[in-house]
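> model the structure of this input:
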Amino acid sequence: MKIKDTSTFPHPVLQKYSNDYISGEFDASFSVNTRNCEISFLLTLTEETLLKSIISGQAKCSIFLSCKDTYITDSHDIKILSRVTNGKFNFKPENFRGLVTIRAIVYSAVDIHPYINQNLHPELSDEDWKLDKGSILAFSTESRFKSIPAKLQATETIFIFSAHDAIEDNEILVDLNSDKIDIRVNRETLNSITELRSTRRGKDILLNSIYLPAVMEALWQIAEEPTIYEERSWYPIFKMKCESLDIDFESINPLRDAQKILKNPLSRILKNMEIV
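Predicted coordinates:
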């Protein structure tokens, strides 16, 4: 169902542009990190009867993401126990392309016959309201963000560097059990990497010496355990990148496929190499 900020309903609904209720509000603010495919939210519900309905299980709250370009709508259930609720969740970037709308909605989880609320506008308070399961009870104003297709995102955006003093100089370890692929080095090595990242030639060196083995490790571990990393934020971006290059997770060749993902990184060094 398509909801607009000014939508009207045949029953009382708490929303910004309606006076169905004497007091109370339901609204949401969102912060979207498209690189991490993460949405942080802050929900405010100050209408006591609706709040009690959610806490008792008569109603539910979900955040809905909709995209016209992909015709996909995703929902994320949110547990509300108080007037203010905050948290975050990850979305699948392969589901969205271009403009994405986001809205929080409260709806009935069961039939509510009758629906009694002393906070209704006087013109509505005398009605015998019967709300069927799934009836919209409240909704926030709409927010929007633009989603970049995962295959167009730079591969480097799914990596993060972290310092671990127990690691030997010039050695790297790769941890896939985070929202980003964690490339671990000691502090001195990390300082050198940071310097290299500031120049074009340094970036080319890192592609071959750091990112190439890290991608190979990711491919190898996915081949060993195909489903273990599916909930990690980096995984859908990585998977869609592989699919765009016709890399089949059922027949991974880590060395060959890593070079495809990084667009033959050795060629960048050879192309830019100065002839002495």
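> gap between Leu65 and Leu99?
Using Cβ to Cβ, to the nearest Å, one obtains 11 Å as the distance from Leu65 to Leu99. No exception for glycine: its C-beta is placed from N, CA and C like everyone else's.
> helices or strands up against the helix ranked longest in the chain?
Longest helix in the chain by number of residues (criterion: DSSP state H): helix 212-224. With contacts taken as 3 or more Cβ pairs under 8 Å, 6 or more residues apart in numbering; DSSP states H and E, helix 212-224 sits against strand 173-175, strand 181-185, helix 254-261.
> and with 7 Å instead?
Applying 3 or more Cβ pairs under 7 Å, 6 or more residues apart in numbering; DSSP states H and E, one finds that helix 212-224 contacts strand 181-185, helix 254-261.
> how about the ones you listed, which one is nearest Arg83?
With Cβ to Cβ as the measure, strand 181-185 is the member of these nearest Arg83 (36.9 Å).
> in which helix or strand would I find Thr73?
Here Thr73, judged by DSSP states H and E, is contained in strand 72-78.
> sheet partners, orientation included, of that strand?
Sheet partners assigned to strand 72-78 using DSSP bridges are listed as strand 59-67 (antiparallel).
> quick check: which ranges of the stretch 1-150 of the chain have low pLDDT?
1, 149-150 (pLDDT under 70).
> can you give me the helices for it?
48-56, 122-125 (DSSP state H, counting those that start in this stretch).
> just the helices and strands packed on helix 212-224: most buried one?
Neighbour counts (mean count of other Cβ atoms under 10 Å) averaged over each of the helices and strands packed on helix 212-224 peak at strand 181-185, with a mean of 21.
> gap between the two ends of stretch 107-117?
Counting by Cα to Cα, to the nearest Å, you get 15 Å between the two ends of stretch 107-117.
> what's in contact with it?
Stretch 107-117 is contacted by residues 49, 57-60, 128-137 when judged by Cβ atoms under 7 Å, 6 or more residues apart in numbering.
> again, only this time at 8 Å
Stretch 107-117 is contacted by residues 11-12, 21, 49-50, 53, 57-60, 62, 125, 128-137 when judged by Cβ atoms under 8 Å, 6 or more residues apart in numbering.
> now the buried members of the residues you listed.
Buried subset of the contacts of stretch 107-117 (neighbour count, 16 or more other Cβ atoms under 10 Å): 11-12, 21, 49-50, 53, 58-60, 129, 131, 135-137.
> per the annotation, how does this protein divide into domains?
With domains defined by automatic domain parsing, the chain comprises 26-148, 152-272.
> possible to save those domains as a markdown table with distance to Tyr17?
Formatted as a markdown table, the domains of the chain follow (distance: least, Cβ to Cβ, whole Å):
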| stretch | distance to Tyr17 |
| --- | --- |
| domain 26-148 | 9 |
| domain 152-272 | 35 |
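> looking at the helices of the stretch 1-150 of the chain, which is nearest to Val215?
That would be, of these and by Cβ to Cβ, helix 48-56, which comes in at 44.2 Å.
> ok so, going back, ok, which of the helices of the stretch 1-150 of the chain comes nearest Lys241?
Between these, helix 48-56 lies closest to Lys241; by Cβ to Cβ that is 39.3 Å.
> show me what contacts Pro12?
Pro12 is in contact with Asp20, Tyr21, Tyr115, Asn117, Leu120, His121, Leu124, Trp129, counting by Cβ under 8 Å, 6+ apart.
> again, only this time at 7 Å
Applying Cβ under 7 Å, 6+ apart to Pro12 gives the contacts Asp20, Tyr21, Leu120, Leu124, Trp129.
> and if you look at Ile72?
Neighbours of Ile72 in contact, by Cβ under 7 Å, 6+ apart: Asn95, Phe96.
> can you rerun that using 6 Å?
Asn95 (Cβ atoms under 6 Å, 6 or more residues apart in numbering).
> could you check how far it is from Ser62?
Distance of Ile72 to Ser62, computed by Cβ to Cβ: 15 Å.
> ok, Ile247 - how many residues close by?
19 (other Cβ atoms under 10 Å).
> I meant to write Asp246 there.
Asp246: 8 neighbours (other Cβ under 10 Å).
> from Ala223, how far off is it?
Taking Cβ to Cβ as the measure, Asp246 falls 16 Å from Ala223.
> same question for Thr194.
Going from Thr194 to Ala223 by Cβ to Cβ gives 31 Å.
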